[in-house]
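Engineer: okay, predicted coordinates and the sequence, questions at the end:
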Amino acid sequence: MRDNIPKFDVLPEHIGFIMDGNGRWAKNRGLERSAGHREGAKTFRKIGEYCADVGIKYMTFYAFSTENWNRPKSEVLALMKLFKEYLNEGDERIAENDIRQMRLKFIGEREGLPKDLLKLIEKAERESAKYDKVTVNIALNYGGRAEITHAVKEIAEKVKNGEMSIDDISEKTISDNIYTAGQPDPDIIVRPSGEYRLSNFMTWQSAYSEFWYSDILWPDFTEEDVNRILDDYQKRNRRFGGV
Ligand code: IPE
Ligand code: IPE
Ligand code: MG
């Protein structure tokens, strides 16, 4: 833990990070795109730990979208390898999660992921399920539309089985059937790398999220940038349709 954390009056409960710009970061250095992903993975750990130390209770990191399968096979393989490496770092990662009492949760479609990765995901979720101080969602094979489609199917199944009636379906029913069930919606969504779009990230949950963007490429993202986001957040006037 560190002792140089600025104090903030209002903290977002949940921050979403779209970890974008790894490829360009590598290209700028004449490196393979996979080197950018490797650096991006380090940044993920650094930023996750810092946010936990600041007191953020929920974070969601967008790691791989349902559309990212369209990338060259070699890049997809390099990414899957990185996810496995992160989860395989066993004791070291567990100790990190332990100190900060972080619960890891993977959101996204399980189908289509390599079997060995799936096993590691289930293990990491099982082992960190005892923590409730910080929840770190990793959005992997995640798409907001796929998530809503999945929820609609689950709800339809319940109606079909007679567990609920059509009139019982409310916005809460949808919130309760998506991957982030039980968690607050993201208060702020961060997108680095100079793109101004959500790219299928938290489509349902982002209805009233604040948006923060910057030209910084994800591997260059620092704790200072998190402080900037939090400073900015103090000045946002969230009205939720009111006055
Ligand atoms: C984000 O970085 C990582 C993933 C989408 C997996 P990119 O790989 O999209 O980097 P750019 O956008 O090409 O720079
Ligand atoms: C969004 O980045 C997905 C992740 C960061 C995992 P992309 O690089 O895939 O998004 P687009 O294609 O620029 O919209
Ligand atoms: Mg990108």
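Structural biologist: Looks like it came in fine. Numbers count the residues shown, from 1 in each chain. Ligands and ions are numbered 1, 2, ... in the order given.

Engineer: by contact count, what packs against the helix or strand encompassing residue 149?
Structural biologist: In this assignment (DSSP states H and E), residue 149 forms part of helix 144-160. Packing partners of helix 144-160 (3 or more C-beta pairs under 8 Å, 6 or more residues apart in numbering; DSSP states H and E): helix 171-177. For every residue, glycine as well, the C-beta is placed using N, CA and C.

Engineer: is there proximity between the following helix or strand past the helix it packs on and ligand 2?
Structural biologist: Downstream of helix 171-177, the next assigned helix or strand under DSSP H and E is strand 188-191. No. Legend: contact between strand 188-191 and ligand 2 by C-beta under 6 Å from any ligand atom is lacking; minimum distance shown is 8.4 Å.

Engineer: run me through the strand neighbours of strand 188-191, direction for each.
Structural biologist: Taking DSSP bridges as the criterion, strand 188-191 pairs within the sheet with strand 14-18 (parallel), strand 210-213 (parallel).

Engineer: right, is the first one up against ligand 1?
Structural biologist: Spelled out, it's strand 14-18. No. Strand 14-18 is not in contact with ligand 1 by C-beta under 6 Å from any ligand atom; minimum separation 8.0 Å.

Engineer: neighbouring contacts of that strand?
Structural biologist: Here strand 14-18 makes contact (C-beta atoms under 8 Å, 6 or more residues apart in numbering) with 47, 51, 56-62, 183-192, 198-199, 201-202, 205-206, 209, 229.

Engineer: which among these count as buried?
Structural biologist: 47, 51, 56-62, 183, 185-192, 198, 201-202, 205-206, 209, 229 (16 or more other C-beta atoms under 10 Å).

Engineer: quick one: residue 42 is in a strand?
Structural biologist: No. Under DSSP: H, G, I helix; E, B strand; the rest coil, residue 42 falls outside any strand and is assigned helix.

Engineer: what residues are up against it?
Structural biologist: Residues in contact with residue 42 (C-beta under 8 Å, 6+ apart) are residue 219.

Engineer: likewise the one 5 residues further on?
Structural biologist: Counting by C-beta under 8 Å, 6+ apart, residue 47 makes contact with 17, 221, 223, 226.

Engineer: name the SS class of the residue of the chain found nearest ligand 2, please.
Structural biologist: Closest residue of the chain to ligand 2, C-beta to the nearest ligand atom: residue 199 (3.6 Å). Following three-state DSSP, we place residue 199 in the coil state.

Engineer: surely it is in contact with residue 64?
Structural biologist: No. In this structure, residue 199 is not within contact of residue 64 by C-beta atoms under 8 Å, at 11.5 Å.

Engineer: may I see the buried residues of the lowest-mean-pLDDT helix or strand in the chain?
Structural biologist: Ranked by mean pLDDT, DSSP states H and E, the weakest helix or strand in the chain is helix 90-100, scoring a mean of 80. The neighbour-count check on helix 90-100 (16+ other C-beta under 10 Å) flags 93, 97, 100 as buried.

Engineer: what's the answer for stretch 33-52, then?
Structural biologist: Neighbour counts using 16+ other C-beta under 10 Å place 33-41, 43-44, 47-52 of stretch 33-52 among the buried residues.
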